[in-house]
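Peer 1: coordinates for the following, if possible.
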Amino acid sequence: MDKAQQFLKEHKLSASDVNLEELVNEFMQEMTKGLEGKDSSLMMLPTYIEAEGEVKANEPVVAIDAGGTNFRAAKVYFDEKLNLQTENIQLNKMPAVDEELSKNEFFNTFAKYLEDYKNVSDKIGFCFSYAAEIFPNKDGKLLEWSKEVKAPEVIGEMVGENLLKAMGTPNKQLVLMNDTVSTLLAGKAATAGKTYDTYIGFILGTGTNTSYIEPNKNITKTSGLDLAGSQIINIESGNFGKVPRTDLDIKFDNTTKNPGRYSFEKMFAGGYFGGLCTVVLKTAADEGLFSEESKNNIHKLPELTSEQVNKFVSGIDLDKETPAESIAVDKKKATATRVSEMELNELDEALVTHDDKIAATIIIDGLIERAAKLVAANLASVILRTGKAKSEDKPVLMTIEGTTFYKLKKFQSMFESFLQQFLSGDKKRYYEIVEVENSSLLGAAIAAIVN
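Peer 2: Predicted coordinates for the structure are as follows:
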């Protein structure tokens, strides 16, 4: 067996080490416990937002999207033909990512970003991509941060109330929702006229999360619900805690801001995948998988980003072999297996031989394949939980957003292969995947208009 493959096997980092059946069963059990208010790693947060409701024409709202790295805002409305219109889209950096902010500093930054929108509308749809307990008034209390946001004073605070106070507009109507909720709503709106049995929203970008529609009668932890109705549930799936983690998953987790929290998303989400790869490659170097010069270079590397790692492996073709001496002649060609001319990044520079580059590629490819299987387990669980999509003419629509899902090398094709293989036989289910441009803003606008 190749040394790199042996390394993956010894540390149980391969997709083959993930038992899909067992993982799906664990995920579904955690979902049920979360809905019943029992101890569970899945929060299963009610949103009080229904997937039904009619969009009104020519009613402008302010749509906000606070995501993993960016804060976006826009004026949004639907024209007479109910086509989405967006105006004055502004992009700013998510506060408290680079430095810790106080509660006042945090919300004042939001308010500054929104200065141009104060007179646009009395309705605000706020897509807030962090765990929040939503209340019947559709405002939400922040439960905890993820994605390395550093504003501890905001935890436990009402997000919408504090934002409106900072803006000086306390009487505006604000609907707070998670990005997966807005993504679900955006997909439903974008496919109006087609028949689907149910809808799922899924994000795999900086972090990961999932939402779906649950009958109120099954949300037994929440009293006073209309038992004949249904609502969107924010699973907070990135915090799933029953996945078997390896020694290196734990080693990497211990380098993050909140060890032990959101451990599932730390195994594959874009905000963490580069860091995980860095820890794994440094361990591989210590275990003799690379030349001495590459080993020393790897240990000098700062934490790699997911983008750097993806650019590296996307430029290596393991099906082609080229003599190592060609590398010394022209390092720009990496291993002469470069699919296209690409600027070398730090990982390219650190790995000095053909064999070193191939070993690193095998390791990273293995981690991507494992990631695809973990995500397949996540979405298979949610599809089965709905009990729907059993006929080809009424599939589940999964609106999926996030650069990690669509851009990570071969991720989507591997994910679909695992999912289709699992959803077969007596578990046969049908699904479609759609990507909607500006889904977070679109969904936030829909929620503000119809709720």
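Peer 1: helix or strand with the lowest mean pLDDT in this protein?
Peer 2: With mean pLDDT, DSSP states H and E as the measure, the helix or strand of the chain carrying the lowest mean pLDDT is helix 325-329 (a mean of 33).
Peer 1: so residue 212 touches residue 234, yeah?
Peer 2: No. The criterion here is C-beta atoms under 8 Å, and residue 212 misses it with residue 234 at 9.3 Å. Using the backbone N, CA and C atoms, a C-beta is placed for each residue, glycine as well.
Peer 1: hang on, residue 214 packs against residue 231?
Peer 2: Yes. With contacts counted by C-beta under 8 Å, residue 214 reaches residue 231, the gap being 6.8 Å.
Peer 1: return the distance of residue 200 relative to residue 83.
Peer 2: Relative to residue 83, residue 200 is positioned 24 Å away (criterion: C-beta to C-beta, to the nearest Å).
Peer 1: those two: which has the busier surroundings?
Peer 2: Each of residue 200 and residue 83 had its neighbours counted (other C-beta atoms under 10 Å), and the higher figure belongs to residue 200 (28 against 9).
Peer 1: quickly list what that one is bridged to.
Peer 2: In this structure, residue 200 bridges to residue 212, residue 398 when assessed by DSSP bridges.
Peer 1: so who does it touch?
Peer 2: For residue 200, the set of contacting residues under the criterion of C-beta atoms under 8 Å, 6 or more residues apart in numbering consists of 184, 210-212, 379, 382-383, 386, 396-399.
Peer 1: tell me the one of these nearest residue 303?
Peer 2: Out of the contacts of residue 200, the one with the shortest distance to residue 303 is residue 210. That distance is 26.8 Å, counting by C-beta to C-beta.
Peer 1: quick check, that closest one in contact with residue 201.
Peer 2: Yes. With contact defined as C-beta under 8 Å, residue 210 reaches residue 201; the gap is 7.0 Å.
Peer 1: list residues touching both of those two?
Peer 2: Where contact means C-beta under 8 Å, 6+ apart, the residues bridging residue 210 and residue 201 through contact with each are residue 180.
Peer 1: more neighbours: which of the two?
Peer 2: With other C-beta under 10 Å as the criterion, residue 210 and residue 201 differ in neighbour count, and residue 201 comes out ahead with 35 against 30.
Peer 1: could you pull out the helices for the stretch 151-300 of the chain?
Peer 2: With DSSP state H, counting those that start in this stretch as the criterion, the stretch 151-300 of the chain has helices at 159-167, 179-190, 247-253, 270-286, 292-300.
Peer 1: element containing residue 436, please.
Peer 2: Assigned by DSSP states H and E, residue 436 belongs to neither a helix nor a strand.
Peer 1: quick one, what contacts it?
Peer 2: If you count contacts by C-beta under 8 Å, 6+ apart, residue 436 has them with 183, 186-187, 190, 399, 401, 442.
Peer 1: the same query, at a cut-off of 6 Å, please.
Peer 2: With contact taken as C-beta atoms under 6 Å, 6 or more residues apart in numbering, residue 436 is in contact with 186-187, 190, 399.
Peer 1: please apply the same query to residue 82.
Peer 2: Applying C-beta under 6 Å, 6+ apart, the residues contacting residue 82 are residue 55.
Peer 1: quick one: it and residue 195, what's the gap?
Peer 2: Distance from residue 82 to residue 195, counting by C-beta to C-beta: 18 Å.
Peer 1: for the top helix by length along the chain, enumerate the helices and strands it packs against.
Peer 2: Looking across the chain with DSSP state H, the single longest helix is helix 354-386. Helices and strands touching helix 354-386, by 3 or more C-beta pairs under 6 Å, 6 or more residues apart in numbering; DSSP states H and E, are helix 3-10, helix 20-36, helix 306-314, helix 411-422.
Peer 1: just how off-centre is stretch 114-133 within its chain?
Peer 2: When distances are taken as C-alpha atoms, centre = their mean, to the nearest Å, stretch 114-133 is centred 21 Å away from the chain's centroid.
Peer 1: ok, the closest residue to residue 302 other than its chain neighbours to residue 420 distance?
Peer 2: When the adjacent residues along the chain are set aside, residue 302 lies closest to residue 346, with 7.5 Å between them (C-beta to C-beta, 6 or more residues apart in numbering). Taking C-beta to C-beta as the measure, residue 346 and residue 420 are separated by 37 Å.
Peer 1: and stretch 3-20, what's buried?
Peer 2: Within stretch 3-20, the residues that qualify as buried are 3-4, 7-8, 11-15, 18, 20, counting by 16 or more other C-beta atoms under 10 Å.
Peer 1: residues contacting it, please?
Peer 2: Stretch 3-20 is contacted by residues 246, 248, 284, 289, 359, 362-363, 366, 369-370, 373, 377, 422 when judged by C-beta under 6 Å, 6+ apart.
Peer 1: among the residues you listed, which pair sits farthest apart?
Peer 2: Of all pairs drawn from the contacts of stretch 3-20, the greatest distance, 31.9 Å, lies between 289 and 422 (C-beta to C-beta).
Peer 1: just name the most buried of the helices of the stretch 151-300 of the chain.
Peer 2: Most buried of these by mean neighbour count (mean count of other C-beta atoms under 10 Å) is helix 179-190; its value is a mean of 29.
Peer 1: what packs against it?
Peer 2: Using 3+ C-beta pairs under 6 Å, 6+ apart as the contact test, the elements touching helix 179-190 are strand 198-204, strand 208-215, strand 396-401, helix 439-450.
Peer 1: out of the ones you listed, which gets nearest to residue 149?
Peer 2: Relative to residue 149, the nearest member of these by C-beta to C-beta is strand 208-215, separated by 14.5 Å.
Peer 1: what angle do the closest one and strand 198-204 make?
Peer 2: 160 degrees (axes from the mean of the first three to the mean of the last three C-alpha atoms, to 10 degrees).
Peer 1: and residue 317, what's its pLDDT?
Peer 2: Per-residue confidence at residue 317 stands at 67 (pLDDT).
Peer 1: circling back to that earlier point, okay if I get the buried residues of stretch 3-20 as TSV plus pLDDT and distance to residue 153?
Peer 2: Shown next, in TSV, are the buried residues of stretch 3-20 (pLDDT from 0 to 100; distance: C-beta to C-beta, whole Å):
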residue	pLDDT	distance to residue 153
3	95	49
4	97	45
7	98	43
8	98	42
11	98	39
12	98	40
13	98	38
14	97	42
15	98	41
18	97	39
20	98	41
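Peer 1: switch those residues over to JSON lines; also include distance to residue 274.
Peer 2: Shown next, in JSON lines, are the buried residues of stretch 3-20 (distance: C-beta to C-beta, whole Å):
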{"residue": "3", "distance to residue 274": "23"}
{"residue": "4", "distance to residue 274": "18"}
{"residue": "7", "distance to residue 274": "19"}
{"residue": "8", "distance to residue 274": "18"}
{"residue": "11", "distance to residue 274": "18"}
{"residue": "12", "distance to residue 274": "21"}
{"residue": "13", "distance to residue 274": "16"}
{"residue": "14", "distance to residue 274": "20"}
{"residue": "15", "distance to residue 274": "19"}
{"residue": "18", "distance to residue 274": "21"}
{"residue": "20", "distance to residue 274": "25"}
